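[1] this one's sequence-less:
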């Protein structure tokens, strides 16, 4: 009985009409994609030669200009692809309005997703408005540390120092530690013994600073010789703080640690080692 019903249904189908319908929809989709591709190129051209250019000529910092440009591009892309998907579904004859109106549980899920999306957008707006961070800034957000790669209306992309790209939703950003605002400190601790001549160490450090500071334009103020300190593990160290432009901490630390070590060894000041081995430079 069921086979007869299926056979009668197949016989009633108009293959020619189905083929024409499919061909019509295929042509409509192709034309739609062509129109949207052309429209995207036009929008990108207008954005690049008007909005992006006006932002680039503004008085804002280069990093903030990049942040605003990337954010606006993300917004344009979201709007563009929303209308593209909506148009494709309309061409296919999908009753979008009916689906959204009578989706029941799916509608609730969409509503909750939209609420989260709206929270992301609002947080992203205030991040930009308050200038909490910009593209290129070195920051810490929760357990994620790295450099801001992109700021979107929904997510912020952070490139970790090991190369990992982290995607953080804007709604989850509550505390931001920005390491790129103002001068940063390169703290140099030189391990010393209890019987080390501290006055001699101070003199050598100050002479080394005078001889080398002009070679490092990244240093924003004179190094502060803080003198002897005890670290948490009980090691006696001679501490020097050098404030530098953000991003230069590692370079200055390595360079000046080497300079201090060489100067101290040249003047027969022995540095402590984990094994308490005494090494002198002749």
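    On my side now, so go ahead. It should be emphasised that the depicted structure is a prediction, and the values quoted were computed from it without experimental measurement.
[2] For the closest residue to residue 245 other than its chain neighbours, give its distance to residue 225.
    Distances taken as C-beta to C-beta, 6 or more residues apart in numbering place residue 218 nearest to residue 245, at 4.9 Å, with adjacent residues excluded. For every residue, glycine as well, the C-beta is placed using N, CA and C. Going from residue 218 to residue 225 by C-beta to C-beta, to the nearest Å gives 19 Å.
[3] Of the two, which one has the most company?
    When residue 218 and residue 225 are compared for neighbours, residue 218 comes out ahead with 18 against 15, by other C-beta atoms under 10 Å.
[4] Pull the number of nearby residues for residue 180.
    By the criterion of other C-beta under 10 Å, residue 180 has 17 neighbours.
[5] ok, the nearest residue to residue 272 once chain neighbours are set aside - contacts?
    Leaving aside its sequence neighbours, residue 272 sits nearest to residue 191 (C-beta to C-beta, 6+ apart; 4.0 Å). Contacts for residue 191 (C-beta atoms under 8 Å, 6 or more residues apart in numbering) come out as 235-237, 271-273.
[6] who does residue 191 bridge with?
    Beta-bridge pairing of residue 191 under DSSP bridges involves residue 237.
[7] Look up the pLDDT of it for me, please.
    pLDDT, residue 191: 92.
[8] Would you mind measuring from it to residue 236?
    Distance, residue 191 to residue 236, by C-beta to C-beta: 7 Å.
[9] which residues do those two both contact?
    Common neighbours of residue 191 and residue 236 (criterion: C-beta under 8 Å, 6+ apart): residue 272.
[10] Can you pull the domain assignment for this structure?
    For the chain, automatic domain parsing gives the domain ranges 2-129, 184-266.
[11] What's the end-to-end length of the shortest one?
    The first and final residues of domain 184-266 sit 30 Å from each other (C-alpha to C-alpha, to the nearest Å).
[12] for it, the distance to its chain's centre please.
    A distance of 32 Å separates the centroid of the chain from that of domain 184-266, by C-alpha atoms, centre = their mean, to the nearest Å.
[13] ok so residue 149 is a helix residue?
    No: counting by DSSP: H, G, I helix; E, B strand; the rest coil, residue 149 is not found in a helix; it is strand.
[14] Which pLDDT value belongs to it?
    Looking at residue 149, its pLDDT is 87.
[15] And for the one 5 residues further on?
    On the pLDDT scale, residue 154 is placed at 80.
[16] That one and residue 116 touch, don't they?
    No: the pair residue 154 / residue 116 is not scored as a contact, 9.1 Å apart, by C-beta atoms under 8 Å.
[17] Just want to know which of the two has more residues nearby.
    More neighbours surround residue 154 than the other of residue 154 and residue 116, with 18 against 13 (other C-beta under 10 Å).
[18] Lowest mean pLDDT across the domains of the chain, which one is that?
    Across the domains of the chain, the lowest-scoring stretch is domain 2-129, with a mean of 72.
[19] Strands along the stretch 151-282 of the chain, start to end?
    Secondary structure of the stretch 151-282 of the chain (DSSP state E, counting those that start in this stretch): strands at 155-160, 165-169, 176-178, 184-191, 224-230, 236-244.
[20] Format the ones you listed as JSON lines; extra columns: distance to residue 73.
    Formatted as JSON lines, those follow (distance: least, C-beta to C-beta, whole Å):
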{"stretch": "strand 155-160", "distance to residue 73": "13"}
{"stretch": "strand 165-169", "distance to residue 73": "17"}
{"stretch": "strand 176-178", "distance to residue 73": "22"}
{"stretch": "strand 184-191", "distance to residue 73": "30"}
{"stretch": "strand 224-230", "distance to residue 73": "44"}
{"stretch": "strand 236-244", "distance to residue 73": "33"}
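[21] Sweet, I'm off.
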